[in-house]
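J.: for reference, the sequence and a predicted model appear below.
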Amino acid sequence: MQLSFLTALFDRPGPWASVYLDTSREDESTKERRALQAKEVCHELRSQGCDPETERAVYEALTDDPRPPGEAGRAVFAAHGEVVLDPPLGVRPPWPSEVTWSALPHLGPLLDLATQEPVCLVAYIDRAGADLELRTPLGGRPAGHVEGRSWPLRRHGTADWSERHFQLKVENTWEENAAEITEALTACQRETGADLIVLAGDPRERRSVHERLASDLRALTVESAHGGRAAGASKRLLDEDVEAARQEHLRRLAAQELDRFRAARSTGGGRPEGAAEGVPALVEAAREHRIAELLIRTEGPDAHREVWVGAEPDQIAVRRNETQYLGETEPMPARADDALIRSAVMTGAEVLRVRPEIEDEVPVGGLGALLRWPYDESERVREAEPA
């Protein structure tokens with residue numbers, strides 16, 4: 001999962017207010033209830049040392065109306081009197097609600113929420129064309145339209161030679177339209193970076209499109225027997241198929257990355273070259289910008305462990321007195337997971353939320369990483385030798 005949208009949280013100093021709230025309940029008392037929620041949040045922030053200006057900014061954000069329809073929760077991040085990030089949470093509410101005032105934004109709960117929504121490109125296909133829809137955490141929106149040749153489209157059931165010739169033309173039309181749909185679908189996926197493609201509608205045509213996709217896109221594609229392009233076609237069963245495809249995508253991705261991690265750390269004897277786990281090793285890798293993919297199991301004990309940080313992403317240390325690494329006169333304590341997420345985001349690394357239903361305790365302690373280049377013990381020995 002790329003978290004580049006979080007960059008704005010790290011280009012300014014803290015401390016930070018991080019607020020996660022369940023706002024899914026909608027009724028006639030919604031406005032009053034949210035005002036009460038906002039007051040309780042501000043009281044909690046104040047008790048943790050939040051400044052009045054940031055407290056006021058959070059209150060105004062939480063009581064701002066109107067909110068997007070179908071919003072399930074709020075994740076608000078504020079510092080120095082300004083709300084910096086307020087992404088919509090349209091999938092499910094945060095649970096439990098959390099309010100923190102800390103040196104760095106608290107982002108673990110956001111991983112749980114963000115990883116529930118792979119971006120999905122849905123194609124409603126018939127033999128005349130297709131309508132494309134992009135489904136993101138922000139909801140669904142039209143993503144394009146394909147209208148192929150409209151004649152000839154239908155075959156006739158006779159054995160006459162001229163009729164058979166006509167039927168061949170019909171099939172050629174179907175094939176040409178499938179090729180046009182495939183081209184549009186490919187361009188849309190390349191442009192949007194959709195994680196999944198779901199083909200719905202006419203069985204023959206969706207199979208034809210599926211077979212024409214490049215191999216990398218076929219690996220992202222599933223077919224649904226539900227839904228269609230016709231006006232009024234029901235989407236309920238299609239929605240269930242899309243959700244099932246999303247969950248399977250998340251399971252498959254997690255399994256692949258964990259297999260890579262296990263292989264990288266199982267080098268046999270000595271220190272693993274391509275992986276790291278445990279807070280000290282990860283802190284060292286973060287300082288050297290060697291983390292390629294950070295793996296986080298937020299329930300693990302290392303995620304909550306205290307480290308020390310400065311203003312820069314590579315200013316991170318296990319102990320406060322490691323000033324040679326911090327380069328900061330007044331380092332501040334922070335959660336290990338938040339500090340490592342900051343480092344990953346600012347160095348372009350990916351982050352994988354290891355789902356709690358994966359029973360294998362990998363990575364040990366809840367934090368691990370695939371590294372950009374191997375650890376070289378000889379380099380460290382040479383650095384330690386006197387000139």
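T.: Cool, the structure landed. Values in this document were obtained by computation on a predicted structure and should not be read as measured data.
J.: can you pull out the helices in the protein?
T.: Counting by DSSP state H, the segments of the chain that form helices are 30-47, 52-62, 108-114, 161-192, 203-212, 215-218, 236-265, 279-287, 323-326, 336-346, 377-384.
J.: any idea which of these has the lowest pLDDT on average?
T.: If the helices of the chain are sorted by mean pLDDT, helix 377-384 sits at the bottom with a mean of 42.
J.: how about residue 81, phi and psi?
T.: Backbone torsions of residue 81, given as degrees, to the nearest 10, read phi 80, psi 10.
J.: I'd like the distance between the closest residue to it other than its chain neighbours and residue 42.
T.: Nearest residue to residue 81 in three dimensions, chain neighbours excluded: residue 53, at 3.2 Å (C-beta to C-beta, 6 or more residues apart in numbering). Just so you know, the C-beta spots here come from the backbone N, C-alpha and C atoms, and that holds for glycine as well. Going from residue 53 to residue 42 by C-beta to C-beta, to the nearest Å gives 12 Å.
J.: ok, the two, which is more surrounded?
T.: residue 42 (21 against 13; other C-beta atoms under 10 Å).
J.: re the thing from before, would CSV of the helices of the chain with distance to residue 102 be doable?
T.: Rendered in CSV, the data for those read as follows (distance: least, C-beta to C-beta, whole Å):
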stretch, distance to residue 102
helix 30-47, 11
helix 52-62, 12
helix 108-114, 12
helix 161-192, 34
helix 203-212, 48
helix 215-218, 41
helix 236-265, 28
helix 279-287, 17
helix 323-326, 17
helix 336-346, 7
helix 377-384, 32
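J.: can you tell me which of the ones you listed is nearest to residue 362?
T.: Closest approach to residue 362 among the helices of the chain (C-beta to C-beta): helix 236-265, 5.7 Å.
J.: how about residue 226, what does it touch?
T.: If you count contacts by C-beta atoms under 8 Å, 6 or more residues apart in numbering, residue 226 has them with 200, 234, 237-238, 240-241.
J.: before we move on, the earlier item: highest average neighbour count across the helices of the chain?
T.: Highest mean neighbour count of the helices of the chain: helix 336-346, a mean of 25 (counted as mean count of other C-beta atoms under 10 Å).
J.: pull the distance from that helix to the chain's centre.
T.: Mean-position distance between helix 336-346 and its chain equals 15 Å (C-alpha atoms, centre = their mean, to the nearest Å).
J.: then that helix to CSV, C-alphas only?
T.: Provided in CSV are the C-alpha atoms of helix 336-346 (Å, rounded to 0.1, in the frame of the first residue of the first chain):
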residue,chain,number,x,y,z
ALA,A,336,7.7,2.8,17.1
ASP,A,337,5.0,2.1,14.5
ASP,A,338,4.3,5.8,14.0
ALA,A,339,8.0,6.7,13.6
LEU,A,340,8.6,3.9,11.1
ILE,A,341,5.6,4.8,9.1
ARG,A,342,6.9,8.3,8.8
SER,A,343,10.2,7.0,7.6
ALA,A,344,8.5,4.7,5.1
VAL,A,345,6.3,7.4,3.7
MET,A,346,9.0,10.0,3.3
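J.: quick one: contacts of that helix?
T.: Defining contact as C-beta under 8 Å, 6+ apart, one finds that helix 336-346 is touched by 3-4, 6-7, 9-10, 102, 104-108, 111, 279, 282-283, 286, 289, 291, 294, 296, 298, 302-307, 309, 313-314, 316, 349-351, 366-367, 369.
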